[in-house]
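Participant: Structure, please.
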Amino acid sequence: MNDLYPALKLDLAAAILAKHENTKDILRVVLGELDTIHAKRDVTHDDCLKVIRKCIEANNEVMKIRPSEKLLAENEILSAYLPNELSVNEIFNHIKDIELGNNMGKAIGIAVKYIREKGLYANGKDVRAAVEQKLQENLCG
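Facilitator: Numbers count the residues shown, from 1 in each chain. Alright, predicted model coming up:
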């Protein structure tokens, strides 16, 4: 069940009523992309997170060239919708007792699946670092 998509729509309506221009503007962008997806199929929670991250990354790219208070404010608004990301140490602590095997690619896949099943979020690079740490410990210990 994806409750983020309707929540974004409700937040847009609230932002329009409250005349919060930054919130209104960025939510319209996000919902525009999600509505395009919705025209083809049901929008998933992962779709919402992917679009939000894409907007944040796009804003960050623009801010490398031209600093912008508006884009910084938009990123703060969007970040509130993202789950907290686990650190490498937190990921390691979650995967330390599961069997990953010795193949790096398969081990990362197992770790990612395990993290997602627990309803957690981790950056792929951080999962890789935690898996490397665990595999290294398995070799040494």
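
Participant: what sits up against the lengthiest helix in the chain?
Facilitator: If you go by DSSP state H, the chain has its longest helix at helix 45-65. With contact meaning Cβ atoms under 8 Å, 6 or more residues apart in numbering, helix 45-65 is reached by 2-5, 8, 26, 29-30, 33-34, 37, 68, 71-72, 74-75, 78-79, 81-83, 121. Any C-beta I mention is one placed from the backbone N, CA and C, and that applies to glycine too.

Participant: Residue 102 belongs to a strand?
Facilitator: No. Looking at residue 102 with DSSP: H, G, I helix; E, B strand; the rest coil, it is coil, so not inside a strand.

Participant: what's it sitting at in phi/psi?
Facilitator: Main-chain dihedrals, residue 102, degrees, to the nearest 10: phi -120, psi -10.

Participant: Test my guess that it contacts residue 135.
Facilitator: Yes. At 6.8 Å, residue 102 counts as touching residue 135 under the criterion of Cβ atoms under 8 Å.

Participant: For those two, indicate the residue with more neighbours.
Facilitator: The neighbour comparison of residue 102 against residue 135 (other Cβ atoms under 10 Å) goes to residue 135, with 17 against 9.

Participant: any chance you could map the helices in this protein?
Facilitator: 4-18, 21-38, 45-65, 69-79, 88-95, 104-117, 124-140.

Participant: by contact count, what packs against the first one?
Facilitator: By that I understand helix 4-18. Judged by 3 or more Cβ pairs under 8 Å, 6 or more residues apart in numbering; DSSP states H and E, helix 4-18 is in contact with helix 21-38, helix 45-65.

Participant: ok, and which of these has the densest surroundings?
Facilitator: Neighbour counts (mean count of other Cβ atoms under 10 Å) averaged over each of these peak at helix 21-38, with a mean of 17.

Participant: Now do it against helix 4-18, angle only.
Facilitator: Calculated by axes from the mean of the first three to the mean of the last three Cα atoms, to 10 degrees, helix 21-38 forms an angle of 150 degrees with helix 4-18.

Participant: Number the chain from 17, please
Facilitator: OK, 17 is where the count begins now, so the last one is helix 37-54.
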